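Chemist: Have a look at this prediction, sequence included:
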Amino acid sequence: MTGKIEKLIVKYLTNSATTTDLDTLSNWISNPANERLFKEYVKTYYAIICSMNNTDYQKTVEELLRAIRNEKSFVRRLKTNAIYKYAAAAVIVFGLGYFFNNSLFNASSETTSIIVNTIKPGTDKATLTLEDGSQIVLEKGASFQTQNANSNGEEIVYNNAATKNQKPKTTNQIAYNYLTIPRGGEFFIKLSDGTQVWLNSESQLKYPVSFVEGKTRVVELVYGEAYFDVSPSTEHKGSKFKVFNKFQEIEVLGTQFNIQAYRDETNIYTTLVEGRVLVSLEGIKQGLRPNQQSKLNTIDNTIKVENVDVYNEISWKDGVFSFDRKPLKEIMKIFARWYDLELILNTKSIENKRFYGALDKDQPIEDILEILKKHNIISSYKINGKKIVIK
């Protein structure tokens, strides 16, 4: 074993390995001889950190090997999703700090989980409401086209030619569409100015079929969560871009940011990825810098700003649940929206248990619950139809 590989193993075990490190380590372990060396090294490391624990060593190394392979696969998916720059900051599959402290070295209780049926993860689906009030269901395999837009069932793209060539219009002449995402769905839309918007489950966006060139571009996140990649004002004769919600207004000049404004939440979160935004509330204006998040309390109308790990806030749009010690109660709300089900925590004591890790959104809810169960976050669960009771 070279010194370089030894360092990579240590970095992995201490949760400090980069995506490149994971690739190198996983390729090295694919050789059976190297896998044996890995097991011997982990055995030594294991003895140091667990000498006082009665734990199955063989189970430990097998879990580590499986985790490394899973992590490599997950990182590759991140690369193909064009978010490689965030991959190093992501906690892949489950953080090793949590992995060591709460999983392998704490025997989980053997409890029975009851499953009556299988609940599938969410998919690309939405309802488009046209300017005349008619509604079109958008879903995979169903194409749709109008004079201004076309959809393949997985996204909808508006024609920018109308924006550039149209005659000036008054506010009353602007035609608006609504895109509504149900629970268990998500959808991508490209607006007529080139702005890209990813909409999460249980969300609704109001927007013009075409913007008026040179005028402020305005859309409304009626409710829910959306990630915006705004077309720069420099490409639209300096016109600003604004996102309204009934509680706040966000002014941007060309940027990427996420807004979470669910109807059953008392806080609205705005997270800036890059660029510049200005959050306004009843005359109060708060600027945000990249990696900052504003939290607007809709009860007392106050705004607080803090630094955050952006990846955890936007990973949902790339098919990943990423949590950094997020309370189980909050995690269950996210799962309920994505899988379109009712989740009940019938044990008060587990509501504030925290999970640290990343999970693939495409896997069945049963797989996710088994991971939480395996790591002692929950003890058991019962699935009956669209209802899950968790203990």
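Modeler: Perfect, I can see it now.

Chemist: where in the stretch 51-200 of the chain is pLDDT low?
Modeler: 51-118, 161-172 (pLDDT under 70).

Chemist: Now do the strands in the stretch 151-300 of the chain.
Modeler: Taking DSSP state E, counting those that start in this stretch, the strands of the stretch 151-300 of the chain run over residues 155-158, 176-181, 185-190, 196-199, 203-208, 217-229, 241-244, 249-252, 256-261, 267-274, 277-281, 284-288, 292-297.

Chemist: Ok, which of these comes nearest K386?
Modeler: With CB to CB as the criterion, K386 lies closest to strand 185-190 of these, at 14.8 Å. (Glycine included, C-beta is placed from N, CA and C.)

Chemist: Tell me which strands that closest one pairs with, and in which orientation.
Modeler: According to DSSP bridges, strand 185-190 forms sheet pairs with strand 123-129 (parallel), strand 155-158 (parallel), strand 196-199 (antiparallel).

Chemist: Outline the domain layout of the chain.
Modeler: 3-104, 114-118+323-390 (automatic domain parsing).

Chemist: re the thing from before, mind checking which of the strands of the stretch 151-300 of the chain is nearest Y381?
Modeler: In this view, the strands of the stretch 151-300 of the chain are compared for proximity to Y381 by CB to CB, and strand 185-190 is the closest at 23.6 Å.

Chemist: quick one: buried residues of the closest one?
Modeler: 185-190 (16 or more other CB atoms under 10 Å).

Chemist: what's the answer for stretch 220-237, then?
Modeler: Using 16+ other CB under 10 Å as the test for burial, stretch 220-237 gives 220-233, 236.

Chemist: same deal with stretch 260-272?
Modeler: 260-262, 268-272.

Chemist: and if you look at stretch 315-324?
Modeler: 315-318, 320-324.

Chemist: Pick out the most distant pair among the residues you listed.
Modeler: Taking CB to CB, no two of the buried residues of stretch 315-324 sit farther apart than K317 and D324, at 17.3 Å.

Chemist: Any idea what I303 is bridged to?
Modeler: I303 forms beta bridges with L296, as assigned by DSSP bridges.

Chemist: That one: neighbour count?
Modeler: Neighbour count of I303, defined by other CB atoms under 10 Å: 17.

Chemist: swap in K7?
Modeler: With other CB under 10 Å as criterion, K7 counts 12.

Chemist: secondary structure class for it?
Modeler: helix (DSSP: H, G, I helix; E, B strand; the rest coil).

Chemist: got a list of what it touches?
Modeler: When the contact criterion is CB atoms under 8 Å, 6 or more residues apart in numbering, K7 has no partners at all.

Chemist: ok, now how distant is it from T123?
Modeler: Using CB to CB, to the nearest Å, K7 is found at 42 Å from T123.

Chemist: residue ranges of the helices in the protein, please?
Modeler: In the chain, the helices defined using DSSP state H lie at 3-13, 19-29, 32-50, 57-80, 84-87, 96-98, 161-165, 310-314, 328-339, 365-374.

Chemist: Give the buried residues for stretch 278-295.
Modeler: Neighbour-count burial for stretch 278-295 flags 279, 281, 286, 288, 290, 292-295 (criterion: 16+ other CB under 10 Å).

Chemist: ok, I388 - how many residues close by?
Modeler: 24.

Chemist: what's the answer for G238, then?
Modeler: Neighbours of G238 using other CB under 10 Å come to 11.

Chemist: swap in W198?
Modeler: The burial count for W198: 21, using other CB under 10 Å.

Chemist: what does S210 give?
Modeler: Neighbour count of S210, defined by other CB under 10 Å: 23.

Chemist: how close does it sit to Y158?
Modeler: For S210, the distance to Y158 - CB to CB - is 7 Å.

Chemist: Same question for K7.
Modeler: On the measure of CB to CB, K7 and Y158 end up 51 Å apart.

Chemist: can you check F257 too?
Modeler: 20 Å.

Chemist: With L253 instead?
Modeler: Remark: distance between L253 and Y158 (CB to CB) = 21 Å.

Chemist: quick one, which of these two is more surrounded?
Modeler: Neighbours around L253 and Y158, counted as other CB under 10 Å, are more numerous at Y158. The numbers are 25 against 16.

Chemist: Hmm, the more buried one is touching K190, no?
Modeler: Yes - counting by CB atoms under 8 Å, K190 is a contact partner of Y158 at 6.3 Å.

Chemist: Quick one: mean pLDDT for stretch 260-280?
Modeler: Averaging pLDDT along stretch 260-280 gives 95.

Chemist: what about it, how long is it end to end?
Modeler: Across stretch 260-280, the terminal residues are separated by 15 Å (CA to CA, to the nearest Å).

Chemist: Tell me how far it lies from the chain's centre.
Modeler: Chain-centre distance of stretch 260-280: 15 Å, with CA atoms, centre = their mean, to the nearest Å.
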